[in-house]
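Novice: just a sequence and a predicted model for now, questions to come.
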Amino acid sequence: MTTIEIEKLNYRRNLKTILKDVSLSLEGDKIIGLLGENGAGKTTLMRLIAGTAKNASGTIAIKDDTEADTKKALVSYSNPLGGFAPNTPISKVVAFYEKVYPDFDQAKYQQLADFLQLDESLKLAALSKGTREKLVISLTLARQTSVYLLDEPFSGIDSMSRKKIINSILKWKPAEAIMIISDHYVSEIATILDEVVIIKDQTVVAHKDADEIREEFGLGIEAYYEGLYEEGVTHDEI
Ligand SMILES: Nc1ncnc2c1ncn2[C@@H]1O[C@H](COP(=O)(O)OP(=O)(O)OP(=O)(O)O)[C@@H](O)[C@H]1O
């Protein structure tokens, strides 16, 4: 089974504390919503789990392993493709993924690209924001691995396509994998979430089962999340 164990994670950049004392235990097969206001630290936490951000204190173990190579092999992160030149055709980006990631499933990529109607002949610079996000989603989900990190994957995607992707995301997630999605459109992703993790004041202030939020608190996920922010709840009170 896939597990992610984070213990006493602290991360600073340029003398500024970005994450402090984060401890979190996740177990597959789950879709987890990572929620928090702008600048809360969601992207940073994902980059640390993926191993693209380094030099944090504390530990992050994926399947009980803390090695950097394990993170690369077991975590598929929705990298925004910033390292590619603007005139790179989609086909070249796909070829790069195939070369770098042994678990990249070309047939699955093709299914995703067809599903999202991506035109392979286009260059990166010619893609609209939403189309570029569809490419990132296709590349990320085409890997056959244990952990998927989707960082605000739908922000530029039109509402119809967004619903289509959200409704079919379970189909693309291998069983036993953990998928973490950060998104500001909480109500739209709420239906597919098994658990919710909320970041506030640079740390995880809540990790709850989605059904528990509905049953115990009688709230939708969005209302619960907004309530935590409005009430000024701190780490120690949860
Ligand atoms: N490379 C960096 N150097 C310095 N500070 C950084 C760096 N990257 C992020 N930060 C700071 O860390 C904090 C968390 O940023 P992060 O991008 O992780 O937040 P986020 O929750 O993903 O926000 P958003 O919802 O706006 O995407 C912010 O205050 C940001 O300014």
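Specialist: That came through, no problem.
Novice: which of the helices or strands spans the most far-flung residue of the chain relative to its centre?
Specialist: The C-alpha centroid of the chain is most remote from residue 121, which lies 27.4 Å away (C-alpha atoms, centre = their mean). Secondary structure assigned from DSSP states H and E places residue 121 in neither a helix nor a strand.
Novice: that one reaches residue 90, doesn't it?
Specialist: Yes. Under the criterion of C-beta atoms under 8 Å, residue 121 is in contact with residue 90, at a separation of 7.4 Å. (Each C-beta comes from the backbone N, C-alpha and C, glycine too.)
Novice: what's the closest non-adjacent residue to the residue farthest from the centre of the chain?
Specialist: Once its chain neighbours are removed from consideration, residue 121 has its nearest residue in residue 89; the separation is 6.7 Å (C-beta to C-beta, 6 or more residues apart in numbering).
Novice: what's the burial count for the one you found?
Specialist: Number of residues near residue 89 (other C-beta atoms under 10 Å) recorded here: 15.
Novice: ok, now which ones touch it?
Specialist: 120-124 (C-beta atoms under 8 Å, 6 or more residues apart in numbering).
Novice: redo that, cut-off 7 Å
Specialist: 121-123 (C-beta atoms under 7 Å, 6 or more residues apart in numbering).
Novice: neighbours around residue 155, how many?
Specialist: Burial of residue 155, expressed as a neighbour count using other C-beta under 10 Å, amounts to 14.
Novice: which of the three states applies to it?
Specialist: Under DSSP: H, G, I helix; E, B strand; the rest coil, residue 155 falls in the coil class.
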